[in-house]
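Asks: kindly generate the corresponding structure for this input.
(4 chains)
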Number of protein chains: 2
Amino acid sequence: MNPVAYSRGVRHDDEEPVGADALDRVSWALRQADWAVQGLKEQRLRSLGMAAAHYALLICIHFDPGLTGAELARRLNVTPQAVASLVARLEGRGQLERRPHPRHRHVQELHLTDAGREALREADALVVEVERQATEKLGPEGTALLTALLRQVTEAAREA
Amino acid sequence: MNPVAYSRGVRHDDEEPVGADALDRVSWALRQADWAVQGLKEQRLRSLGMAAAHYALLICIHFDPGLTGAELARRLNVTPQAVASLVARLEGRGQLERRPHPRHRHVQELHLTDAGREALREADALVVEVERQATEKLGPEGTALLTALLRQVTEAAREA
DNA sequence: TGTTAACTGTCAAGCGCTTGATATGAATCC
DNA sequence: GGATTCATATCAAGCGCTTGACAGTTAACA
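Replies: Have a look, this model is predicted:
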């Protein structure tokens, strides 16, 4: 640990390669917060033998049953192949099932099984607890404010 | 898109597997914001032939010259092997150099070369622009508030 | 002084994801 | 109706990272 390792003296024209506040930027704080929260989530879910990626996939299908693999890939920010791999594993566990699409013959709908719903219920209880611990100090209004700010950042970054 | 795909009727004892607000949680908003910002960063840095991971590594060493690989791994949230791989590549480009540690013979210090500093300077200009675009709508006080909230979440998640 | 403990760095193997390419089905345009 | 375009799913190869294991170095301790 050496917070003042870089000597900040008088500024010449372009002597300073990067701003001195580079480690205090929003994107860095964002990254660390996501690491901390997702890491905690992963750790807690491990007691159920479930990865955080599996939880995210299941909950997406829970709210939008019949979702297609490609659409799921977009929401989870991964490639369709990665989704296919996850789906195959979850299907093997009997938590997920693939049904033929009513209109498109080549497309497959994804649906939760009863076992999948039960696993999701247990997992969500743990995730809710993680969420509670993470936002404990912020209070309800602080949490709502944080969420709103994050949405603005997301929107701004997406349309840039 | 089917926002109301899940029918929310009267609640029985434990009929609802997960809370209806699951997709509005902070951790999900956090994840999407990070995806959006980091993705934009990656996209912009690609014009310089630099990956976001390389930028993060270089800027860490910039502020703490002589950093060790293991310490760097902790800060970047990856394994020491992953750092070694990145370092090898950056060293091959002449942007980084490994010097013997003054006290520990087996340990190697990491330092930026002049080329590394120049590459970092160019990259940081792009990152600053990304940061500006992402926080444009928030204003200075909104940005500061967001950063403070994120730090609280990080701290809470880490100590849980 | 020898021993233990802690930390660093590296090798090997495996896994998950990505990029690239291909095939199928469906909708649109002429 | 046939050709074009688009979207989904899947196969193959490659890459980056992780887990697990091991060796070298230093400091703390009895």
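Asks: can you give me every residue that contacts the closest residue to DNA strand D within chain A?
Replies: DNA strand D sits closest to A:Gly69 of chain A, with a gap of 3.0 Å, by Cβ to the nearest atom of the strand. For the C-beta atoms, the positions are set from N, CA and C on the backbone; glycine is no exception. Contacts here follow Cβ atoms under 8 Å, 6 or more residues apart in numbering or on different chains; on that basis A:Gly69 touches A:Pro80, A:Val83, A:Ala84, A:Val87, A:Gln108, A:Leu110.
Asks: so the last one touches A:Ala73, yeah?
Replies: No: under the criterion of Cβ atoms under 8 Å, A:Leu110 is not in contact with A:Ala73, lying 11.5 Å apart.
Asks: compare neighbour counts for those two and give me the winner.
Replies: Legend: neighbour count by other Cβ atoms under 10 Å in any protein chain shown for A:Leu110 and A:Ala73, higher for A:Leu110 (25 against 17).
Asks: from B:Leu40, how far out is the more buried one?
Replies: Distance, A:Leu110 to B:Leu40, by Cβ to Cβ, to the nearest Å: 30 Å.
Asks: where does the prediction get shaky in chain A?
Replies: By pLDDT under 70, the low-scoring segments of chain A are A:1-17.
Asks: now the strands for it?
Replies: Counting by DSSP state E, chain A has strands at residues A:96-100, A:108-112.
Asks: among those, which comes closest to chain B?
Replies: Evaluated over these, closeness to chain B peaks at strand A:108-112, with 8.7 Å, by Cβ to the nearest Cβ.
Asks: most packed of the strands of chain A?
Replies: Neighbour counts (mean count of other Cβ atoms under 10 Å in any protein chain shown) averaged over each of those peak at strand A:108-112, with a mean of 19.
Asks: do that strand and DNA strand D meet?
Replies: Yes: Strand A:108-112 comes into contact with DNA strand D (Cβ under 7 Å from any atom of the strand), by way of A:Gln108.
Asks: mind listing residues that contact that strand?
Replies: A:58, A:61-62, A:65-69, A:72, A:87, A:95-101, A:120.
Asks: and with 7 Å instead?
Replies: A:58, A:61-62, A:65-69, A:72, A:87, A:96-101, A:120 (Cβ atoms under 7 Å, 6 or more residues apart in numbering or on different chains).
Asks: dump it to CSV, restricted to CA.
Replies: The C-alpha coordinates for strand A:108-112 follow below in CSV (Å, rounded to 0.1, in the frame of the first residue of the first chain):
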residue,chain,number,x,y,z
GLN,A,108,-37.4,-23.4,-28.6
GLU,A,109,-39.1,-21.9,-25.6
LEU,A,110,-37.7,-22.1,-22.2
HIS,A,111,-39.8,-22.9,-19.2
LEU,A,112,-39.2,-23.6,-15.5
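Asks: and DNA strand C, is it touching that?
Replies: No: judged by Cβ under 7 Å from any atom of the strand, strand A:108-112 stays clear of DNA strand C, getting no closer than 11.3 Å.
Asks: thanks a lot, catch you later.
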